[in-house]
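[1] what follows is a predicted structure for the sequence shown.
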Amino acid sequence: MLFQIAWRNIWRNTSRSLVVVSSIIIGIWAGIFILSFSWGLYKNNINESVYKQLSHIQIHNPDFKQENDPKFTIPNSDSILKQLESDNRIASVSSRVIATGMITSTTTASGVTIYGINPVSETNQIGLDQNLIEGVYFGSGKDNEILIGQKLAKKHKLKLKSKVVLTFTNVNSEIVSAAFRVGGIYRSKNISLDEVNVYVKQEHLRELLDLKPSETNEIAILIKDEEQLDSITNYSKTLVPNAKVEDWRQLAPELDLIIESFNLYTYIISGLILLALTFGIVNTMLMSVLERIRELGMLMAIGLNKRKIFFMIMLETIYLTLMGCPIGLLMGWLTVTILGRTGIDISMFSEGLASYGFSSMIYPALDQEKYMIIVTMCLITAILSAIYPAYKALQLNPSEAIRKI
């Protein structure tokens, strides 16, 4: 009987009930949208870092990352690359020769990291050819061609075919200077790296560094299925037992921290939205109780105990929440699904976003687990919000409540 009474009570004032249901719908939808947008932003940054900069796995000489000296190499890299390329779990593999030095133009000089790359294999790794805004991707056929970032080009006032000089130390601790011609200018989604990373042909840089043909400083691996990351990492360690093998979580712990802390963000963001919703529910249910003081007094007088009165008011709130939750979930899911395909263009902020490695096109996304967290928190909020109005109802004196006008 209480279930029927509670259901009828919420429709005694249809407008007020619909306002509460609408508040719940909007609250759940807003929570889902904000979380999906935030995760889409972070996921874009993670994917950009993994697929365009770090790769899933990197292999180095154990001393290379500490000393940052090109003399610490991975020997027999050619045979290692062949074994990795033959593994069908791996999407692509590339080797890199890396040196830290100075780039000098006619206007100024600045520090850079010089990457000696294989132009063919790197098209599947960092996709540098797709980021070119001027020139051709190592199209001249000359060994002294260099690709530089747009921000670095502006800083040095460089154009295509401009001459620059790279100065660095070879493996014999000798200072080497070599002239290069700008063959292309690129712009990635992380302009802070565009200012410090330059790319040249691997064989030419290897000769300048006085390295052997089979020596390299870094092997980068992209895999097909990230669930196999740990197994491929362990496999790589068996191939190169004396090298340091790291996955992207170890290479960039701040990215892993983003994933781990996102659950906390879920609770914080959802909690803030539901906190605002709490005041709306409390206010509505309290008004409902105060309007029915005489009725509640009559129910108490004819024998309805306080436990049932409390349960009835709680049921009213739960009914309103159960009506709003599915609709809010559906609206949130549809919004994430549609915008996850079309994306949200925030190109007006592209310069600021690019400086932190974020794309101007955001694709909202959200795991099913987060939907359940939001719904659970919404139900808990509704129950907690009903406690105070129900408590106020229990404080009524039946004899006084009946005489209430």
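    Nice, thanks for sending it over. Residues are numbered from 1 along each chain as shown.
[2] and the next element down the chain from the helix or strand containing residue 35?
    Element membership for residue 35, per DSSP states H and E: helix 14-49. Heading C-terminal from helix 14-49, the first helix or strand you meet, by DSSP H and E, is strand 57-60.
[3] parallel or antiparallel, list what pairs with that following strand.
    Note on strand 57-60: by DSSP bridges, its sheet partners are strand 218-223 (antiparallel), strand 244-247 (antiparallel).
[4] and it, which residues are buried?
    If you call a residue buried by 16 or more other CB atoms under 10 Å, then strand 57-60 has these buried ones: 57-60. Any C-beta I mention is one placed from the backbone N, CA and C, and that applies to glycine too.
[5] before we move on, back to that, can you put the strands paired with strand 57-60 in CSV and add mean pLDDT?
    Below are the strands paired with strand 57-60 laid out as CSV (pLDDT from 0 to 100):
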stretch, mean pLDDT
strand 218-223, 94
strand 244-247, 92
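[6] could I get these in JSON lines, plus columns for mean neighbour count and distance to residue 16?
    Shown next, in JSON lines, are those (neighbours: other CB atoms under 10 Å; distance: least, CB to CB, whole Å):
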{"stretch": "strand 218-223", "mean neighbour count": "22", "distance to residue 16": "56"}
{"stretch": "strand 244-247", "mean neighbour count": "19", "distance to residue 16": "55"}
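[7] rewinding a little: and the helix holding residue 35, how far from the chain's centre?
    Distance of helix 14-49 from the chain centroid (CA atoms, centre = their mean, to the nearest Å) equals 16 Å.
[8] closest to residue 184 out of the buried residues of strand 57-60?
    Within these, the smallest distance to residue 184 is 24.6 Å, found for residue 58 (CB to CB).
[9] going by neighbour count, list what's buried in the lengthiest strand in the chain.
    Longest strand in the chain, counting residues (DSSP state E): strand 90-104. Residues 90, 92-99, 101, 103-104 are the ones in strand 90-104 that count as buried (16+ other CB under 10 Å).
[10] given it, what are its sheet partners and their directions?
    Going by DSSP bridges, the partners of strand 90-104 are strand 109-117 (antiparallel), strand 163-169 (antiparallel), strand 218-223 (antiparallel).
[11] using CSV, list the CA coordinates for that strand.
    Taking Å, rounded to 0.1, in the frame of the first residue of the first chain, the C-alpha atoms of strand 90-104 are listed here in CSV:
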residue,chain,number,x,y,z
ILE,A,90,53.8,-5.6,-33.5
ALA,A,91,52.4,-2.9,-35.9
SER,A,92,55.7,-1.2,-36.7
VAL,A,93,59.3,-0.9,-35.5
SER,A,94,62.0,1.7,-36.2
SER,A,95,65.5,2.6,-35.0
ARG,A,96,66.8,6.0,-34.2
VAL,A,97,70.2,7.6,-33.8
ILE,A,98,70.0,10.5,-31.3
ALA,A,99,72.3,13.4,-30.5
THR,A,100,72.0,16.5,-28.5
GLY,A,101,73.5,19.6,-30.0
MET,A,102,73.1,23.2,-31.3
ILE,A,103,71.4,24.5,-34.4
THR,A,104,72.9,27.7,-35.8
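[12] now it: average pLDDT?
    Mean per-residue pLDDT for strand 90-104: 93.
[13] again, but for stretch 151-168
    Mean predicted lDDT for stretch 151-168 stands at 94.
[14] just give me how far it sits from the chain centre.
    Using CA atoms, centre = their mean, the offset of stretch 151-168 from its chain centre is 33 Å.
[15] now do the buried residues in it.
    So, applying 16+ other CB under 10 Å, buried residues of stretch 151-168: 151-153, 155-156, 158, 162, 164, 166, 168.
[16] ditto for stretch 322-339
    323-325, 328-329, 331-333, 335-336, 339.
[17] and which of those residues is nearest residue 22?
    For those, the nearest to residue 22 is residue 324 (7.5 Å; CB to CB).
[18] what sits closest to the closest one if chain neighbours are left out?
    residue 24 (2.9 Å; CB to CB, 6 or more residues apart in numbering).
[19] so that neighbour sits against residue 277, correct?
    Yes. Counting by CB atoms under 8 Å, residue 24 touches residue 277, with 6.6 Å between them.
[20] about what we covered before: can you name the two of the buried residues of strand 90-104 that are farthest apart?
    So, the buried residues of strand 90-104 by CB to CB: farthest apart are 90 and 104, at 38.7 Å.
[21] still on that earlier bit, inside helices: which ones of the buried residues of stretch 151-168?
    151-153, 155-156 (DSSP state H).
[22] turn those into CSV, columns for distance to residue 262.
    Converted to CSV, these look like this (distance: CB to CB, whole Å):
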residue, distance to residue 262
151, 30
152, 33
153, 36
155, 36
156, 39
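[23] and which of the residues you listed is nearest to residue 384?
    residue 151 (51.6 Å).
[24] residue contacts, the closest one?
    187, 191, 194-195 (CB atoms under 8 Å, 6 or more residues apart in numbering).
[25] most neighbours, which of those?
    residue 194 (23 neighbours; other CB atoms under 10 Å).
[26] outline the domain layout of the protein.
    2-49+255-402, 62-242 (automatic domain parsing).
[27] in CSV: these, plus distance to residue 249.
    Below are the domains of the chain laid out as CSV (distance: least, CB to CB, whole Å):
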stretch, distance to residue 249
domain 2-49+255-402, 4
domain 62-242, 8
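[28] comparing these, which gets the lowest mean pLDDT score?
    domain 2-49+255-402 (a mean of 78).
[29] run the chain-centre distance for that domain.
    25 Å.
[30] ok, now stretch 142-155?
    With CA atoms, centre = their mean, you get 30 Å for stretch 142-155.
[31] what's the straight distance from one end of it to the other?
    25 Å (CA to CA, to the nearest Å).
[32] look up how far residue 253 lies from residue 112.
    25 Å (CB to CB, to the nearest Å).
[33] identify the farthest-apart pair in the buried residues of strand 57-60.
    Among the buried residues of strand 57-60, 57 and 60 lie farthest apart (CB to CB), at 10.8 Å.
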